[in-house]
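>>> Sequence and predicted structure are below.
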Amino acid sequence: MPRPGPWPIDLARIRPFRIGDVDVRPATREMVRSERREVLEPLVMQVLVVLASARGEILSRDDLIEACWGGRAVSDDAVSRVISSLRALGRTFETFQVETITKVGYRLTTQGAEAFAERPSNEPRQEPSAPAIDRRKLIAVGTAVAAIGAAAVFWQRPWRHRAPPEALDLFRRGEIALRMATSEQTRQALSYYERAVQIDPRYAEAWGAMALAYIHILEGFAEAELDGVPANIRSAAQRALQLDPDNADAQVALIFIKPEFRNWSRMEAELRHLTSRYPRHWLANGRLAALLYGVGRLNEGIAIHQKVLSDIDTMLPIALSLLAKALSFAGRTQEADAVLEEAHRKWPAHPALWYSKCTHLLFSGRPRSAMAFVMDPESRPTGVAQAQAEPYMRLAQAIDTRKPSDVEAAIEDWRQIGLTNVTLHLPTSAAVFALLGRPDLTFQSLERYYFNRGSFGPSTPIGPYTRRRTDLLFSQPMALLRSDPRFASLVQRIGLEAYWRKANVLPDYRRDAA
């Protein structure tokens, strides 16, 4: 029988076993009988391992989340999807069933006399056999099995504070809202966490998640509106670490109080350290990928984001948006199309994904497709008004016709958009200027954005918490300007050249040209 590894379940450390006459191989995620072979998604195999380990006893939804999602909040749909996949496999192999016990949980039942068995001794074994595990130990403590000679060594997780049900429910609601990553949902998540720690002041997970929610707020607001936010992050994170020194959310939040702009080397080192300690932390991995996009290492960041979305959480709209944008910037157009199609199926009304598809179509040279997409009322999220869509329409028309009047109208649109929120919108405006053949305006706007200098718009002070993005420097429109001496000067003064020398790396565009 399988025994659970470090939580969440580490499939590489689970020995093969059988359910009836079906051979289950967790390390390769395979189910095999005779000539039939199925490769399971990682989460589906993890849930199968946990249910099989319970030997027919009932496990609650919380039990499965603890063992397979690491206790992170997931929606009912996510759990139901995995259970549905397991039921389909049970029908395919005609060996087991997953029963739902209403308002209690799930259990795995088998067809036939031989329920669960270890592989025969003449087959490959990954670990020495171990006795059946008690359900309460499986859920409350967890075990890991390591082979040392012929013996098995067990360890127990440290005792962890258990929050009351009401606080736990608020925490899980907050986690789902936070992963939506919209302004409204972030504020809603923060409200949930605040209520959770009011109910249970010793709830370390809620304090750590609160620190992350404040980081999301820090990312989206102008400098004048940031008073008190960094102090709130430190306070929540330090409280979480007092209660649980191993709290990953708090550690991630503390890294991102300062912006990554010009702090790439330090942040990369800290994030790589955290992702090695917490390989399934969705945001630590996602932020490492985003940092790599910002220093021109698109393909490395893409690989990390793909792993996040395949192995950690398939339902992260911002991760899907950033991955699609990076694929588009890297010239991997068809892959970006596929990611955006998948994202639209999962999140048809998410505004970030709508904007990502607009810019992808425009920057990849498909203005008419962009025009059709923007004009389609079914594709537009409720949060995107007609007035917000019109600049994309005029931009598509300008790219398509190249008429001077259309180009000037689009330029004026994006000049005003850039000035309404320099932190959030000016990088896109600068790329649009490049796309429309206005390099002088591009460099003027970036001079204001990165250094608060020049003639583009009014003064925009840059404080210690001001965010400045550099990923747009590696977009398709900016590729048109890389031979301009001003581009080389820009990356030098920003500090990217110093980062590349220190890290001993080249950005993708230089490596590809070598």
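Received, thanks. Numbers count the residues shown, from 1 in each chain.
>>> Asp21 contacts Arg33, correct?
Yes. Between Asp21 and Arg33 there is a contact under CB atoms under 8 Å: 5.9 Å. (C-beta placed from N, C-alpha, C; glycine too.)
>>> Mind listing the shared neighbours of these two?
Jointly contacting Asp21 and Arg33 under the rule CB atoms under 8 Å, 6 or more residues apart in numbering are Thr95.
>>> between the two, which one's more packed in?
Neighbours were counted for Asp21 and for Arg33 using other CB atoms under 10 Å; Arg33 has more, 18 against 13.
>>> per-residue confidence at the residue nearest to the more buried one when sequence neighbours are not counted?
Excluding the flanking residues, the one nearest Arg33 by CB to CB, 6 or more residues apart in numbering is Val22, at 4.8 Å. Note on Val22: pLDDT of 88.
>>> Neighbours of Val22, how many?
Val22 has 21 nearby residues by other CB under 10 Å.
>>> Touching, it and Phe93? I think so.
Yes. Counting by CB under 8 Å, Val22 does reach Phe93; the two are 5.0 Å apart.
>>> where in this protein is pLDDT low?
Counting by pLDDT under 70, the chain shows low-confidence ranges at 1-8, 71, 73, 111-160, 221-226, 514.
>>> Got the domain ranges for it?
Using automatic domain parsing, the domain parsing of the chain gives 11-153, 165-257, 315-395.
>>> Of those domains, which is nearest Gly286?
Closest of the domains of the chain to Gly286 is domain 315-395, at 5.3 Å (criterion: CB to CB).
>>> quick one: the helix or strand where Val407 lies to chain centroid distance?
Assigned by DSSP states H and E, Val407 belongs to helix 404-420. Chain-centre distance of helix 404-420: 33 Å, with CA atoms, centre = their mean, to the nearest Å.
>>> pull the CA atoms of that helix into CSV?
Output in CSV follows, covering the C-alpha atoms of helix 404-420 (Å, rounded to 0.1, in the frame of the first residue of the first chain):
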residue,chain,number,x,y,z
PRO,A,404,-1.9,59.7,-40.6
SER,A,405,-5.2,60.8,-39.2
ASP,A,406,-5.8,57.3,-37.6
VAL,A,407,-2.3,57.2,-36.3
GLU,A,408,-2.6,60.6,-34.7
ALA,A,409,-5.9,59.7,-33.1
ALA,A,410,-4.4,56.5,-31.6
ILE,A,411,-1.3,58.4,-30.4
GLU,A,412,-3.4,60.9,-28.6
ASP,A,413,-5.6,58.2,-27.0
TRP,A,414,-2.5,56.4,-25.6
ARG,A,415,-0.8,59.7,-24.5
GLN,A,416,-3.8,60.4,-22.3
ILE,A,417,-4.0,56.8,-21.1
GLY,A,418,-0.4,56.9,-20.1
LEU,A,419,-0.8,60.2,-18.2
THR,A,420,-3.9,59.1,-16.2
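>>> the strands in the protein, which residues?
Remark: strands assigned in the chain by DSSP state E are 17-19, 22-25, 30-33, 36-39, 96-101, 105-110, 116-118, 146-148, 151-153.
>>> Please produce TSV containing those strands, extended by distance to Ala434.
Below are those laid out as TSV (distance: least, CB to CB, whole Å):
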stretch	distance to Ala434
strand 17-19	58
strand 22-25	51
strand 30-33	49
strand 36-39	44
strand 96-101	54
strand 105-110	54
strand 116-118	62
strand 146-148	55
strand 151-153	60
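>>> between these, which one is nearest to Leu212?
Using CB to CB, the nearest of the strands of the chain to Leu212 is strand 105-110, at 29.0 Å.
>>> Show residues contacting that closest one.
Applying CB under 8 Å, 6+ apart, the set of residues contacting strand 105-110 is 19-20, 48, 51-52, 54, 56-61, 63-64, 83, 95-101, 116.
>>> Surely Leu43 touches Val82?
Yes. Between Leu43 and Val82 there is a contact at 5.3 Å, judged by CB under 8 Å.
>>> what do those two both touch?
Joint contacts of Leu43 and Val82 (CB under 8 Å, 6+ apart) are Cys68.
>>> And stretch 30-38, end to end?
Start-to-end span of stretch 30-38 (CA to CA, to the nearest Å) is 6 Å.
>>> Flag every buried residue along that stretch.
Residues of stretch 30-38 classed as buried under the neighbour-count rule (16 or more other CB atoms under 10 Å) are 31-33.
>>> same check, this time on stretch 341-351
Result for stretch 341-351 [16+ other CB under 10 Å]: buried residues 343-344, 347, 350-351.
>>> Run through the neighbouring helices and strands of the helix holding Val407.
Under the contact definition 3 or more CB pairs under 8 Å, 6 or more residues apart in numbering; DSSP states H and E, helix 404-420 sits against helix 386-401, helix 422-435, helix 439-451.
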